[in-house]
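Asks: Got a predicted structure here, sequence first:
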Amino acid sequence: MIYQLIEQSQAFLIMQQDSVLFVARENGETLIKQIDLPSLIGAISQSDFQSDWYVHPQVRLHHISRKEGRTTTISSVMPNTYLLDFESFTLKVPLPGAVIVHCQSQLWVYAYKGELNLSSTLYHYPLPNIDDRGKVCWGSVALPSHSPSLMWNAFVISKFDQDYDNHKSQAHPYNVVSQLKDVAQSSNKIYPEGDLVTTNLTLASLAQITAKY
């Protein structure tokens with residue numbers, strides 16, 4: 001399948017460890033140009049929004065900004081079901097889609113509803129260990145390499161406590177873990193979106209804020 005897509009493509013990028021190959025076909029000829037990653041990031045950053053770059057089968061890249069040597073990305077993860085590990089119990093819970101801001105060793109996580117676009121409202125993600133600004137509290141979790149998808153996976157499979165568990169659920173405003181238990185015990189295949197608590201952010205405003213990091 002991959003080889004068929006390459007054959008049918010007019011142009012494509014090949015990601016290498018420290019550079020990217022741009023391959024294009026024009027007038028029957030194949031043109032190859034090598035681009036260093038800082039230049040590629042700079043080129044992408046000229047556009048306010050990239051909604052169709054996939055960095056992982058489940059992770060979509062939306063925005064890149066670079067300031068003072070720090071690269072900040074905004075990506076999203078589709079809704080999925082996770083096995084959450086707590087001190088004395090586990091819960092198999094469907095969770096909403098996540099918008100992830102990644103900068104160096106930090107993640108900020110928000111929830112979204114439906115199809116994600118620039119005007120989408122963002123919500124507090126219904127998990128503990130995320131503060132009221134959306135920042136993940138890592139505790140003693142060993143951080144993986146600085147990859148948004150790997151860091152997200154490290155977070156959702158880590159052992160949760162009940163820090164920062166309030167103001168994330170309409171049904172259980174003071175303890176989102178109680179809501180997670182209810183959802184796990186229900187027949188819901190998706191997280192009840194009506195339970196999410198809104199923030200004052202949209203995806204567009206989040207992109208503007210992160211450009212200042």
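Replies: Arrived safely. Every value quoted in this text rests on a predicted model; they were computed, and no experiment measured them.

Asks: Show me the helices in the protein, by range?
Replies: 2-8, 37-45, 148-156, 176-185, 203-210 (DSSP state H).

Asks: Least confident of those, on average?
Replies: Note on the helices of the chain: lowest mean pLDDT is at helix 2-8, with a mean of 50.

Asks: got a list of what residue 134 touches?
Replies: Residues in contact with residue 134 (CB atoms under 8 Å, 6 or more residues apart in numbering) are 101, 108-110, 124-125, 199. Every C-beta, even on glycine, is put in place using the N, C-alpha and C of the backbone.

Asks: confidence score at it?
Replies: 95.

Asks: For the contacts of residue 134, give me CSV that also has distance to residue 118 and pLDDT.
Replies: Output for these, formatted as CSV (distance: CB to CB, whole Å; pLDDT from 0 to 100):
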residue, distance to residue 118, pLDDT
101, 15, 93
108, 18, 95
109, 19, 96
110, 14, 98
124, 20, 98
125, 19, 98
199, 15, 96
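
Asks: May I see the PyMOL selection of the buried members of those?
Replies: Entered in PyMOL, the line below selects the buried ones among those, by 16 or more other CB atoms under 10 Å:
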select buried, resi 101+108+109+110+124+125+199
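
Asks: Name the nearest of the contacts of residue 134 relative to residue 207.
Replies: residue 101 (9.4 Å; CB to CB).

Asks: Distance of the closest one relative to residue 195?
Replies: 23 Å (CB to CB, to the nearest Å).

Asks: now residue 59
Replies: For residue 59, the distance to residue 195 - CB to CB - is 24 Å.

Asks: again with residue 73
Replies: Residue 73 is 28 Å from residue 195, by CB to CB.

Asks: Of those two, give the one with the bigger neighbour count.
Replies: residue 73 (21 against 18; other CB atoms under 10 Å).

Asks: That one: what's it in contact with?
Replies: 61, 63-64, 101-103, 148.

Asks: The same query, at a cut-off of 6 Å, please.
Replies: 64, 102 (CB atoms under 6 Å, 6 or more residues apart in numbering).

Asks: how many neighbours does residue 190 have?
Replies: Applying other CB under 10 Å, I find that residue 190 has 13 neighbouring residues.

Asks: Next one, pLDDT for it please.
Replies: The model's pLDDT for residue 190 equals 95.

Asks: show me the contacts for the nearest residue to it once chain neighbours are set aside.
Replies: Distance criterion CB to CB, 6 or more residues apart in numbering; nearest residue to residue 190, sequence neighbours excluded, is residue 94 at 5.1 Å. Shown in contact with residue 94 (CB under 6 Å, 6+ apart): 81, 189-191.

Asks: Measure how buried the residue nearest to residue 117 when sequence neighbours are not counted is and give me the count.
Replies: Nearest residue to residue 117 in three dimensions, chain neighbours excluded: residue 203, at 7.0 Å (CB to CB, 6+ apart). For residue 203, the neighbour count with other CB under 10 Å is 22.

Asks: For residue 78, see how far away residue 203 is.
Replies: 15 Å.

Asks: Excluding chain neighbours, give the residue nearest to residue 133 in space.
Replies: Going by CB to CB, 6+ apart, residue 133 has residue 108 as its nearest residue, at 7.0 Å.

Asks: Quick check: the one you found touching residue 135?
Replies: Yes - counting by CB atoms under 6 Å, residue 135 is a contact partner of residue 108 at 5.1 Å.
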